[in-house]
Structure formats: structure tokens, C-alpha cells
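In: What would the 3D arrangement of this be:
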Amino acid sequence: MDEQKYKNLKIGEKGAKLSIIVYIILSVFKLTVAYMTNSAALKADGLNNVTDIIASIAVLVGLRISQRPPDKDHKYGHWKSEAIASLIAAFIMFAVGAEVIIGAFSSLVNQTSEVPNAIAGYVALLAAAIMFVVSIYNQKLANSIDSKSLYAVAMDNRSDALVSIGAAIGIFGSQLGLPWLDTVTAVIVGCLIVKTAWEIFRDSTHQLTDGFDEDKIEEYENAIHAIEGVKEIKEIKGRLYGNNIVVDVIICVEGTMDINLAHDLATVVEKELIENHHVYDVHVHVEPHETCEDRA
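Out: Residues are numbered from 1 along each chain as shown. Reported below is the predicted structural model:
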């Protein structure tokens, strides 16, 4: 199972590499055209892609470090490297988003908005089309290897496509005698960058602090309760190692149960969660029912 997990991480690198290449090309293209056409919205869109390069590199680095097997200092492996890399990327995205917002507000206050050339709008639409294609590819790849980090990249790709469409609307709107619309769009794009950074920060810190989905815990509880021989669940906890779910559970059985039968029952619980609920590893502790009356 570990071998397949590591293979999936290697496959996931393809999506991250594709995103990096596309983002580099688009960011250079957008920023160049933005300065040539005086488009604040396209400039903000281009800076957004710069942060996406950093975020995709972080995911790529995290995927590679996560492939390292357990060693003397990391007995559980390096699965959490993706979350750490994503956290670093979030801080960088916060900074860039704030810079875009401050610059756009300054332009509005000083009334320095200029009508951008319509070419900037067409560039934004072309970029949106490209990012939608990349998003579809990465989403299919993420689903095939069950990679949360690559799925996040795919959603970011889609978000970037929508940002580019928004930039195009602002640019074309300014052609209708509303030059401030381009700058206002830049503010909106900046806010979207900050929002994406916050979502990455929230999810990464939740994982790194061993936060876990309560609905999944309830799902596991129901599955374990359905197993014959399990009288009660004293305690159950879940956590993530990268994309791998690890569950710790204390089950209560008849105090007169033979030790071998108790061991077999624990094995049944492990197989149920691993085979039917996609749990990576399960630690089962068995206690006599008499000591489990007061739930932890």
C-alpha cells in the first residue's frame, strides 16, 4: 500500500509541473501586456499568477519530500510536508494580494486610472480558456490518485480562470467610458488572492494541528458499531498524515472474551476501516466492557 501511495505522489508531480510551466508563461505574458496597455486589472491578474507559481512549486516540493520513506528522525514518514509547503505559499500570497489591493486603492484615491487598451481584455480571456483546460486536467489527475493537494491546485486553476474573466470584464467595461472599472477590478482580484491565501492557510493549519472532519468520525463510529462483538466505542480519534487518514480507537468487548478472539475482533475493525472507508492506518485498543461504562 505504501508503494502505491508513493507512486501516486510521483504521478501528482505532473500536475504541479504543468501548472508551474503554464503560470510562468501566462504571468510573463500578462505583466508585459499590462504595462504596455496600462491595465491595472491585467497587472493584478499577472501578479496573481506569480503567487500561483510559488504555490505550485510549494506543492511540488511537498510532493517530493512526502515521497521520502520513514527514517530515524521521522518514524511516521514525511507525509505532512505538503501542508507545510502550502502554509509557506499562503504567507507569500497574502503579501502579494495586499500589495495589489494597496496599489489599486492608491490609484483610485489619486485618480490616476487610465483607460487600458482592449488588447489586455483579449489576453485575459485567452488566459482564462487556458486555465480552464489546465484545471480540468489536474482535477481528473487528482481524482485518479486521490490527492488533496493536487485537487487544491486544480481548484486554484479554476479560480484563476474566473479571475481572468473578471479582469476582462473590467477592461472591456473601461472601454465604455468607465476607466475606474479597471482599477476596481484590480481591487477585487487582490481580494480574491487574499481569500485564496486564507483558505490555504486555514486548511493547512487545520491539518498540521491534527484537526479532523467530524462527519468522518461519525461514519467510522457507525461502521465499527455494526461489527458483531463490539459493545461500545470508548474513544475514537482521527488525524491526517498528508492525504493519509490515521484512526485511533478504543473498543469495548465482553470482559470474558478470549484474548485471541479480542485480537481477531480488532483485526476485523482495522480491515473494515482500511478496506471500506479508505483509512490508511488504524490503531485499535481493546478494553473489557466493564471499564468502558464511563465514556472518555
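
In: Could I get the full set of helices for the stretch 101-250 of the chain?
Out: In the stretch 101-250 of the chain, the helices defined using DSSP state H, counting those that start in this stretch lie at 119-145, 148-174, 180-208, 214-225.

In: mind listing what's buried in the second one?
Out: Read it as helix 148-174. Buried residues in helix 148-174, defined by neighbour count with 16 or more other C-beta atoms under 10 Å: 148-161, 163-174. No exception for glycine: its C-beta is placed from N, CA and C like everyone else's.

In: for the worst-scoring helix or strand of the chain on mean pLDDT, packing partners?
Out: For the chain, the helix or strand with the lowest mean confidence is helix 81-109, at a mean of 78 (criterion: mean pLDDT, DSSP states H and E). Contacts of helix 81-109 with other secondary structure elements, assessed using 3 or more C-beta pairs under 8 Å, 6 or more residues apart in numbering; DSSP states H and E, are made with helix 40-66, helix 148-174, helix 180-208.

In: mind checking which of these is nearest residue 276?
Out: Closest to residue 276 of those is helix 148-174 (C-beta to C-beta; 19.9 Å).

In: relative orientation of the longest helix seen in the chain and helix 119-145 in degrees?
Out: Secondary structure of the chain per DSSP state H: the longest helix is helix 2-37. Between the axis of helix 2-37 and that of helix 119-145 there is an angle of 180 degrees, by axes from the mean of the first three to the mean of the last three C-alpha atoms, to 10 degrees.

In: Quick one: distance of helix 2-37 to the chain centre.
Out: Using C-alpha atoms, centre = their mean, to the nearest Å, the distance from the centre of helix 2-37 to the centre of the chain it belongs to is 15 Å.

In: Then stretch 278-293?
Out: Centre-to-centre, stretch 278-293 and its host chain are 31 Å apart (C-alpha atoms, centre = their mean).

In: Quick check: buried residues in that stretch?
Out: Counting neighbours by 16+ other C-beta under 10 Å, one finds that the buried residues in stretch 278-293 are 279, 280, 282, 284, 286, 287, 289, 292.

In: Distance-wise, check residue 143 relative to residue 178.
Out: From residue 143 across to residue 178, the span is 41 Å (C-beta to C-beta, to the nearest Å).

In: wait, I meant residue 103
Out: From residue 103 over to residue 178 the distance is 19 Å, taken as C-beta to C-beta.

In: Between the two, which is the more surrounded one?
Out: Using other C-beta atoms under 10 Å as the criterion, residue 103 and residue 178 rank with residue 103 on top: 18 against 14.

In: State the distance from the more buried one to residue 193.
Out: In this view, residue 103 and residue 193 are 12 Å apart by C-beta to C-beta.

In: again with residue 168
Out: Taken as C-beta to C-beta, the span from residue 168 to residue 193 is 17 Å.

In: cool, and residue 259?
Out: For residue 259 relative to residue 193 (C-beta to C-beta), the value is 58 Å.

In: want to throw the helices and strands packed on helix 81-109 into a markdown table with distance to residue 8?
Out: Converted to a markdown table, these look like this (distance: least, C-beta to C-beta, whole Å):
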| stretch | distance to residue 8 |
| --- | --- |
| helix 40-66 | 10 |
| helix 148-174 | 9 |
| helix 180-208 | 18 |
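
In: Redo those helices as TSV? Include mean pLDDT.
Out: Formatted as TSV, the entries for the helices and strands packed on helix 81-109 read as follows, by pLDDT from 0 to 100:
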stretch	mean pLDDT
helix 40-66	84
helix 148-174	81
helix 180-208	82
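
In: I'd like to know how many residues surround residue 69.
Out: By other C-beta under 10 Å, the residues close to residue 69 number 9.

In: With residue 39 instead?
Out: For residue 39, the count of nearby residues is 33 (other C-beta under 10 Å).

In: quick thing: my sequence starts at 35, can you match it?
Out: I'll keep to 35 as the first residue from here, and by that count the last item is residue 73.

In: so it touches residue 156, yeah?
Out: No - counting by C-beta atoms under 8 Å, residue 73 stays clear of residue 156, with 11.2 Å between them.

In: Thank you kindly, that will do.
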